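**Student:** From the sequence below, what's the structure:
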Amino acid sequence: MILKRFYILACVFLLALTANSQEGMPIYSDYLTDNYYLIHPSMAGAANCAKIRITGRQQWFGDEDAPSLLTASINGRIGESNSGIGAILYSDKNGYHSNNGFYLTYAHHIMFSRSEVDLNMLSFGLSIGAIQYKLDETAFVNEPFDPIVAGIEQSATNFNIDFGFSYFLYNFYAHATVKNMLKNEGVNSNENGLFAYDNPREFLLSAGYVFQKFGSEWSFEPSTLFIYKDGTKESSIDINAKAYKEMEFGNLWGGISYRRSLDGAEFQDGTEVSSQKLQYITPLLGVDYKNFMFAYTYSYQANSVVYNNGGFHQITLGYKFGCKKERYHCNCPAIN
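**Tutor:** Down below sits the predicted model:
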């Protein structure tokens, strides 16, 4: 039965590589606020509890039509089975552009250990989403005439697929996901075919380990995330560090994330041409109080040529329910 399910998902994965669709949800640092399911579909139902996460991200307060992102997700196990399901809603706005989507996820978890006491698990998940892309051109009607500007709100709806694997071994974890697997057929271009972008596919690889001295109330979790955009051949890497402190009411945790683009962008600097690589420094702080979770992150863009260095605020609210008795003897916050 397990091999049959794996074969079906593998067939869907191969078929999706030749299909067509549109770009999906952007990737920020919100996965670090106990929200790995947001970027890895294989995390649906991987935890000991069902989880609800709501995240709001706002950039550049005080600037009209500044970028903003709102996400809401829920995931959990299907009864006592080894399967999990999840759903994601999101709204991404940036000036005259907006992107709204909805994903449904199925994941399956295979245990290799003899019992659930020892964590040795392989998970795979598939998300199918519907995405609506909008471009509001109504504000351009009073501008000088341009034949490629329709002056209306244009929209297109399409589908997308994410597919990924996760592996957990005691305190170690690793994830691999292909996002936006479906190609575009000129959805992101105008009627004259300008600025066509037909390959939004992204490859994500992440891994981490949780260290804790026996009997200590503290634990430490270094992790990393690598992102590669197939269409533009761009890549970036996140280097993260988190610390957890066990409290009577739950957990207090915090950390820092450093994102750096591995590809430079050129710009005119006087009479010379210079280049710089995108860099974000993101501190984060969170608290788990009983079944509730609250987290705040702030991103600082550490570049010399920017629109605005700071102002990247993000708040995450969470709730867990349907919890089972702690199953695994490991320091694995995302699972236990």
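
**Student:** tell me the contacts of the most centrally placed residue in the chain?
**Tutor:** Residue closest to the average C-alpha location in the chain (C-alpha atoms, centre = their mean): I39, at 3.3 Å. I39 sits next to 27, 31, 177, 179, 204, 206 when contact means C-beta atoms under 8 Å, 6 or more residues apart in numbering. To be clear about C-beta, it is placed using only N, CA and C from the backbone, and glycine gets the same treatment.

**Student:** part of a strand, is the first one?
**Tutor:** Read it as I27. No - using DSSP: H, G, I helix; E, B strand; the rest coil, the assignment for I27 is coil, not a strand.

**Student:** For it, grab phi and psi.
**Tutor:** With angles defined as degrees, to the nearest 10, I27 sits at phi -110, psi 120.

**Student:** number of nearby residues for it?
**Tutor:** 18 (other C-beta atoms under 10 Å).

**Student:** quick one: it and I227 touch, right?
**Tutor:** Yes - counting by C-beta atoms under 8 Å, I27 touches I227, with 6.3 Å between them.

**Student:** which residues are common contacts for the two?
**Tutor:** Shared contacts of I27 and I227, defined by C-beta under 8 Å, 6+ apart, are found at 202, 204.

**Student:** Check whether H109 sits in a helix, strand or coil.
**Tutor:** Classified using three-state DSSP, H109 is strand.

**Student:** got a pLDDT number for it?
**Tutor:** With respect to pLDDT, H109 has a value of 96.

**Student:** show me the contacts for it.
**Tutor:** If you count contacts by C-beta under 8 Å, 6+ apart, H109 has them with 45-46, 82-84, 121-123.

**Student:** Please check these and keep the buried ones.
**Tutor:** Neighbour counting with 16 or more other C-beta atoms under 10 Å marks 45-46, 82, 84, 121-123 as buried within these.

**Student:** that older thread, what's the spacing between the residue nearest to the centre of the chain and E80?
**Tutor:** Separation of I39 from E80 (C-beta to C-beta, to the nearest Å): 27 Å.

**Student:** Likewise for P41?
**Tutor:** Separation of P41 from E80 (C-beta to C-beta): 21 Å.
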